[in-house]
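Peer 1: task: produce atomic coordinates for the following.
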Amino acid sequence: MIPSVSVIIAVYGRFNLLKHAVESILAQTYPVSEIILIDDGSIDETPQELPRYIAEKPAWRERVRYFYQENQGQSVAINNGIARAKGEWLAFNGDDDLWLPWKLEWQFRALEKYKDQCGLCFTDAWFMNNPYEKTTLFQLGGNLGHELLGMISKPARLMTHHREWVWCQTVLARADLVRSLAGFDPLLRYAEDIDFIFRAALVSDFCYVGIPMVLIDRSPSELKHVGEAKNWRRADFTLRMEQYHFEKQLSLAGELEPDIRRSIRRNLRDIHSQWASLYVGNGEFRKARKSLSTAIRYCPGLKVALKWALTRLTPEVARKIIMVRRLRATRRDDTSSWQAERKKPLETENGSLLTGRGAMG
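Peer 2: The predicted structure is shown next:
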């Protein structure tokens, strides 16, 4: 008897996009047992239209289950779906992303190959609706390897050094593994999927399919983001979420190798350096110096030390530099929201780990 699969999608409006996402799952060569749609308090016509649509479509009526909850955030919605899921394996998708028909079939091939080692499998993906993303997910994250089916031992290192490789739209995981992690963190309203995958990486090896099996929507954020996701373009919001995320990682990394802990500390240094840039731009120089002192304690670096000296000795010069950078970022945003979304967030010292991405894209 083949293993059963439940697919969970958090829904917030966008009924017309959701229809295509669900159809791509129903078209899998490896059939799913159920698709669980958790509506996180949609305020458009979705709560009325979606149940009616399910009832009218035989293929949907057999396998698609719809539930409504008051707006509590995507993590709570996904956890609601996990609690209701009956499958032995769980998969996740965004309401605007598409699976290629062979996704699950190939993932179970990988899991069969590494069946005694891996509780989670992910795949490569293509980006769609974005002229600037002419690469695959694996290429964006770096060179993962050239195997068609491969395995990652100690994937926590992967998630701290190259977290772009694993997106939840591509994940298939054992249900007991997901539940042992208590699902997604309700306190995170941004990058909650990265937190979930990192915690999975602490307790299981991962395997992967080296072929793009998901089409991830990368439309301009002003068209794509609805509800609370609109906050993802606000620096203070994303910094709060990222700071909590990395502090949580560090608290969980006590038994991990020193290079993994150092990577997390560098990420926290960059977060506090970005807080300082925000404060300097607002003329809050004392707060900026405090943030820079915290950044140095996490991981000393020449750039952050120079920034501290600049805010201490010539704060108005520092402010002018920050304002010029903000103006350039705004111009990029006006010219191409796709490009700005990928390249913006705020400057970092150790590369572009912070990419303006939230759960499931």
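Peer 1: please give me every residue in contact with the closest residue to Ser75 other than its chain neighbours.
Peer 2: Nearest non-adjacent residue to Ser75, counting by Cβ to Cβ, 6 or more residues apart in numbering: Phe184, 3.8 Å away. Placement of C-beta: from N, CA and C, glycine included. By Cβ atoms under 8 Å, 6 or more residues apart in numbering, the residues touching Phe184 are Gln74, Ser75, Ile78, Asn79, Glu192, Asp193, Asp195, Phe196, Ala359.
Peer 1: got any ranges where this structure has weak pLDDT?
Peer 2: 143, 145, 163, 220-233, 326-361 (pLDDT under 70).
Peer 1: each with direction, which strands does the longest strand seen in it pair with?
Peer 2: Longest strand in the chain by number of residues (criterion: DSSP state E): strand 205-217. Strand 205-217 has the following sheet partners, assigned by DSSP bridges: strand 98-99 (antiparallel), strand 118-128 (parallel), strand 149-152 (antiparallel).
Peer 1: so which residues make contact with the next helix or strand after the second one?
Peer 2: I take that to be strand 118-128. Going down the chain from strand 118-128, the next helix or strand is helix 137-141, by DSSP states H and E. Under the criterion Cβ under 8 Å, 6+ apart, residues 124-127, 133, 144, 162-165, 167, 170, 210, 212, 216 lie in contact with helix 137-141.
Peer 1: now with 7 Å, please.
Peer 2: Defining contact as Cβ atoms under 7 Å, 6 or more residues apart in numbering, one finds that helix 137-141 is touched by Asp124, Ala125, Leu144, His162, Glu164, Trp165, Trp167, Gly210.
Peer 1: domain assignment for the protein?
Peer 2: Using automatic domain parsing, the domain parsing of the chain gives 5-224, 234-343.
Peer 1: now do the helices in the stretch 251-361 of the chain.
Peer 2: 258-281, 285-298, 302-313, 315-335, 337-343 (DSSP state H, counting those that start in this stretch).
Peer 1: tell me how far the first one is from the chain's mean position?
Peer 2: When C-alpha coordinates are averaged (Cα atoms, centre = their mean, to the nearest Å), helix 258-281 and its chain have centres 19 Å apart.
Peer 1: how about the CA coordinates for that helix, as PDB?
Peer 2: The C-alpha trace of helix 258-281 is given here as PDB (Å, rounded to 0.1, in the frame of the first residue of the first chain):
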ATOM      1  CA  PRO A 258      31.400  25.900  15.900                       C
ATOM      2  CA  ASP A 259      31.200  27.000  12.300                       C
ATOM      3  CA  ILE A 260      27.400  26.800  12.400                       C
ATOM      4  CA  ARG A 261      27.200  28.800  15.600                       C
ATOM      5  CA  ARG A 262      29.600  31.400  14.100                       C
ATOM      6  CA  SER A 263      27.400  31.700  11.000                       C
ATOM      7  CA  ILE A 264      24.300  32.400  13.200                       C
ATOM      8  CA  ARG A 265      26.200  35.000  15.200                       C
ATOM      9  CA  ARG A 266      27.300  36.700  12.000                       C
ATOM     10  CA  ASN A 267      23.600  36.900  10.900                       C
ATOM     11  CA  LEU A 268      22.700  38.400  14.300                       C
ATOM     12  CA  ARG A 269      25.600  40.900  13.900                       C
ATOM     13  CA  ASP A 270      24.100  41.900  10.500                       C
ATOM     14  CA  ILE A 271      20.600  42.300  11.900                       C
ATOM     15  CA  HIS A 272      21.800  44.700  14.600                       C
ATOM     16  CA  SER A 273      23.900  46.600  12.100                       C
ATOM     17  CA  GLN A 274      20.800  47.000  10.000                       C
ATOM     18  CA  TRP A 275      18.900  48.200  13.100                       C
ATOM     19  CA  ALA A 276      21.600  50.800  13.500                       C
ATOM     20  CA  SER A 277      21.200  52.000   9.900                       C
ATOM     21  CA  LEU A 278      17.500  52.400  10.500                       C
ATOM     22  CA  TYR A 279      18.100  54.400  13.700                       C
ATOM     23  CA  VAL A 280      20.800  56.600  12.000                       C
ATOM     24  CA  GLY A 281      18.400  57.400   9.200                       C
END
